[in-house]
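1. let me see the structure of the following:
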Amino acid sequence: MTVQPDRPGPDPGFPAATRDEWRRLAAAVLRRSGAEAGSPEEALASTTYDGVTIAPLYDPGDLPPDPGLPGFAPYVRGGRPVRGAAQGWDVRQRHAHPDPATSHEAVLADLENGVTSLWLVLGDGALDVAALPRVLDGVYLDLAPVALDAGPHTAEAAETYLRLAEAKGAAPGGGLGADPIGLRARTGAAAPLDLPALARLAAAHGLRAITVDATPYHDAGGADAEELGCSVATGVAYLRVLTDAGLTAREAFGQIDFRYAATADQFLTIAKFRAARRLWARVAEVCGVTEGAGQVQHAVTSSAMMTARDPWVNMLRTTLACFAAGVGGADAVTVQPFDARLGLPDAFARRIARNTHALLVEEAGVARVTDPAGGSWYVERLTADLAARAWEWFQEIERAGGAEAALERLIPARLAATWERRSRDIAHRAAPLTGVSEYPDLAERLPVREPAPEPARGGLPRVHYAQAFEALRDRADRAPGRPVVFLATIGPVAAHTARASFAANLFQAGGLATVTGGPLTDPEEIAAAFRASGTTVACLCSSDELYGEHASAVAAALRRAGAKRVWLAGRGRHDGVDATVHAGCDALAVLGTTFDDLGVAP
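-> As a prediction, this is how the structure comes out:
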């Protein structure tokens, strides 16, 4: 037998990369760009809404102390390492259609095509509790677990579900979904539920009684650590109720699962789900529970990030969110249909939602590795930092009297402050929304859907990141004829295209059409094109050099032609120009002013 020689290794002529070398090269690039900072790390770092610093580079020195072993508790589904064959997450589809026949048809279609459990929303305009037997007709409850979400009707829904399972002779799976604190956060209404009685009933059937739903805090504009801290405080409150009623700490932990939002920020979402497990493991440690206390997680793609405009982009957002939740270790994942903001999803939207799981699990093999992000210097540091911030917030809630007491003032004030900061970034397009604040499609034809049940009013607000821009789009659509802004393109195409494209993108984000005058330099010719456009607002678009030669004269000619306001794309001051539009400007303020100048009704 002939033995082949080993292949040669890497060329020893390449020196090892070092942080100092990276710092030297990065500093040189920053100097050329005009950036000023004490170090490249400071210049390139960013900060989350929780105050966590995201560095531009990570190395072994960034690993937190005692991060835990990747792929072992608490960083695994259900708190247990996955052995043997690859295991995916539970594909959980949400159903809230008020018509039992429609829901029944949708449930069967989902279960026949890859969905492995159901999330049923009951009461308050959604499906009636009494319709459960009709909706679950033909469903094998021992194979398809059902997560109930019945709010104040939880006890009635639990009784109906368990009676149905008994009639079918099935050992039901899933959970009863009791969450009185979460209900109050969503609706402002109290729900007097006997949690110990529900816990004992659930335990007798191998179910979990309580779901700590943290999504209301996310939907109110909260940041990741805020969502985590609120969930831990709520979970601890339920532990107290259960143990005070005589359940052991281990039994109490076994009755609680958690629901979190997953966003298109994949690394923050991965770190959030890992941090949530770490936080709950710390609570279990303090309570003296060493086994059976792993956090069971249900991930739901964020409602706040979904858009009503260009809803097809929601498919990309939810794919990223599903990927991140799966990598982060979520036990069950719900992908919201792309048309969720438009009303009740249709069969096509539900199919796309469940196929997102199939693509990630079956084709991409995302679930083949346990805790795949574990060991990453970046993810481990981000996990530890999020967990630390969330623990501080949890302790602040506890000092205020616990989760329920903090809902009076502390939690709403904190979430409102975070939403204000996020709104500012959205307005300035520092947090761009594809299809809405960036690259809008004014010619889009939106799908038409049945209206969804109106959620109960009260409690924490429900926000959507795109809501301010979408309100302007609606305002423009209501106007008799689409409002127009004239782009006064000065000079050759090469000189004005970049800024004309920027200005068109900005104004169209508010639903305003734009027209151009062509590659002109003569002020009177540009003014004639402006008059022909029929509008009263113009924006100069060209290079800085040509602005110096022509901006003031063109602005004066536009004024004589009837312009109420003259914008300039770029920076600098010129006679006759009211203000500028540029990267980082307050786009919502610019659009609001333009709407007023054009006389568009609110």
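2. alpha carbons only for contacts and neighbour counts from here, please
-> Will do.
3. ok now do Ala321, which residues does it touch?
-> Ala262, Thr263, Ala264, Asp265, Gln266, Thr269, Thr301, Ser302 (C-alpha atoms under 8 Å, 6 or more residues apart in numbering).
4. can you give me the helices for the stretch 351-500 of the chain?
-> 377-399, 403-406, 410-427, 467-478, 493-508 (DSSP state H, counting those that start in this stretch).
5. rebuild the contacts of Ala321 as a markdown table, extending it with pLDDT.
-> Below are the contacts of Ala321 laid out as a markdown table (pLDDT from 0 to 100):
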| residue | pLDDT |
| --- | --- |
| Ala262 | 98 |
| Thr263 | 98 |
| Ala264 | 98 |
| Asp265 | 97 |
| Gln266 | 97 |
| Thr269 | 98 |
| Thr301 | 98 |
| Ser302 | 98 |
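6. for Arg19, state which of the residues you listed is nearest.
-> Closest approach between the contacts of Ala321 and Arg19, by C-alpha to C-alpha: Gln266, at 25.4 Å.
7. tally of neighbours for the closest one?
-> 20 (other C-alpha atoms under 10 Å).
8. was I right to think it contacts Ala324?
-> Yes. Assessed by C-alpha atoms under 8 Å, Gln266 is found in contact with Ala324 at 4.9 Å.
9. re earlier: out of the contacts of Ala321, grab the one that's most surrounded.
-> Ala262 (36 neighbours).
10. ok, now which ones touch the residue lying closest to it once chain neighbours are set aside?
-> Excluding the flanking residues, the one nearest Ala262 by C-alpha to C-alpha, 6 or more residues apart in numbering is Thr301, at 4.7 Å. The contact partners of Thr301, taken as C-alpha under 8 Å, 6+ apart, are Ala261, Ala262, Thr263, Thr318, Ala321, Cys322, Val333, Thr334, Val335, Gln336.
11. repeat for Leu386
-> Asp50, Val52, Asp224, Ala225, Ala271, Lys272, Ala275.
12. select, out of the helices of the stretch 351-500 of the chain, the one closest to Gly151.
-> Nearest to Gly151, of the helices of the stretch 351-500 of the chain and by C-alpha to C-alpha, is helix 403-406 at 16.1 Å.
13. which of the residues in the closest one are buried?
-> Ala403, Glu404, Ala406 (16 or more other C-alpha atoms under 10 Å).
14. before we move on, what about stretch 381-393?
-> Buried residues in stretch 381-393, defined by neighbour count with 16+ other C-alpha under 10 Å: Arg381, Leu382, Thr383, Ala384, Asp385, Leu386, Ala387, Ala388, Arg389, Ala390, Trp391, Trp393.
15. Gly175 in helix, strand or coil?
-> strand (DSSP: H, G, I helix; E, B strand; the rest coil).
16. just to check, it is in contact with Ala147?
-> Yes. The criterion here is C-alpha under 8 Å, and Gly175 meets it with Ala147 at 4.8 Å.
17. per-residue confidence at Arg381?
-> pLDDT recorded at Arg381 is 97.
18. next, the contact list for it, please.
-> Taking C-alpha under 8 Å, 6+ apart, one finds Asp62, Leu63, Pro64 in contact with Arg381.
19. tell me how far the first one lies from Ala55.
-> What it means is Asp62. With the distance defined as C-alpha to C-alpha, to the nearest Å, Asp62 ends up 10 Å from Ala55.
20. again with Ala204
-> Counting by C-alpha to C-alpha, the gap from Ala204 to Ala55 is 49 Å.
21. neighbour count: those two, which is higher?
-> Ala55 (17 against 10).
22. near the closest residue in space to that one that isn't next to it in sequence, how many other residues are there?
-> Nearest non-adjacent residue to Ala55, counting by C-alpha to C-alpha, 6+ apart: Ala45, 4.7 Å away. By the criterion of other C-alpha under 10 Å, Ala45 has 12 neighbours.
23. ok, Gly435 next?
-> 20.
24. what does Gly114 give?
-> Neighbour number of Gly114 under other C-alpha under 10 Å is 17.
25. same question for Glu156.
-> 12.
26. contacting residues around it?
-> Val129.
27. and the pLDDT at it?
-> 96.
28. Three-state assignment for it, please.
-> helix.
29. use 341 as the first number for this chain going forward.
-> Yes, from this point I'll number from 341; that puts the last item at Glu496.
30. so which of the contacts of Thr641 sit within strands?
-> Ala601, Ala602, Val673, Thr674 (DSSP state E).
31. would you mark the buried spots in stretch 492-507?
-> Buried residues in stretch 492-507 (16+ other C-alpha under 10 Å): Pro492, His493, Thr494, Ala495, Ala497, Ala498, Thr500, Tyr501, Leu502, Leu504, Ala505.
32. tell me, how many residues neighbour the closest residue to the first one other than its chain neighbours?
-> Using C-alpha to C-alpha, 6+ apart and skipping residues adjacent in sequence, the residue nearest Pro492 is Ala531, 5.2 Å away. One way to gauge burial is a neighbour count; for Ala531, by other C-alpha under 10 Å, it gives 17.
33. could the contacts of Arg721 go into TSV alongside distance to Ala693 and secondary structure?
-> Below are the contacts of Arg721 laid out as TSV (distance: C-alpha to C-alpha, whole Å; DSSP: H, G, I helix; E, B strand; the rest coil):
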residue	distance to Ala693	secondary structure
Asp402	37	helix
Leu403	36	coil
Pro404	36	coil
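34. list only buried entries from those residues.
-> So, by 16+ other C-alpha under 10 Å, the buried ones in the contacts of Arg721 are Leu403.
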